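[1] Next comes the sequence, and after it the predicted model I'd like to discuss.
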Amino acid sequence: MRHGKKINHLGRTSAHRHAMLSNMASSLILHKRIKTTVAKAKALQKYVEPLITKGKNDTTHSRRVVFSYLQNKESVTELFRDISLKVASRPGGYTRILKLGNRLGDNAEMCYLELVDYNENYTTQVETKTKKTRRRAPKAATAVEQPAPAPEAKVEIPAPEASAEETENKE
């Protein structure tokens, strides 16, 4: 039974998988966006998001812990200097997966994995709509000023006329 075994092995040995995820995480931190398969991107999300959370707390211990995962001085410096400032107010969810379609050669699902705060297309502030002014009285004032509708006139419908036989019988 496979209860609680949530890791995707990605068809690799343990050492190969850790090295690959470390290299991909370094590339993501340095370039802010990488193109990869969906399976690798989902595995990398679980790998890199705790590192970004550690990057918020700039201590010697957290730097050493992150370096033990990444094994790259430039990416550790980038994480603690630039990325940690941008994600300081964000409680989590630092990465986004944008699906692209299937790869031509082997039909693998491809995607972009990117850092959320670095894509200007998604992070631009939505402009607040200004209220349009109209040159008329407010609705409350117009409801008071309107005259009441005129009562409808009652129209009497004449009773159907009695036939000739009925009038003869009455006489």
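    Nice, I can see it.

[2] Only C-alpha atoms from now on, for both contacts and neighbour counts.
    Noted.

[3] Reduced to three states, what does residue 99 come out as?
    strand (DSSP: H, G, I helix; E, B strand; the rest coil).

[4] Could you give the number of residues near it?
    Neighbour count for residue 99, taken as other C-alpha atoms under 10 Å: 15.

[5] and if you look at residue 63?
    19.

[6] I figured it hits residue 75, correct?
    No. Residue 63 is beyond contact range of residue 75, at 10.9 Å (criterion: C-alpha atoms under 8 Å).

[7] so what's residue 157 scoring on pLDDT?
    On pLDDT, residue 157 comes in at 69.

[8] I meant to write residue 130 there.
    In this prediction, residue 130 has a pLDDT value of 68.

[9] What of residue 55?
    96.

[10] Contact partners for it?
    Residue 55 is in contact with 62-63, 66, 79-80, 83-84, counting by C-alpha atoms under 8 Å, 6 or more residues apart in numbering.

[11] which stretches of this structure aren't confidently modelled?
    Applying pLDDT under 70 to the chain picks out residues 123-130, 134, 138, 140-151, 153-155, 157-171.

[12] The same query, at a cut-off of 50, please.
    Counting by pLDDT under 50, the chain contains no low-confidence segment.

[13] now the strands for it?
    For the chain, the strands defined by DSSP state E cover 33-37, 95-102, 109-115.
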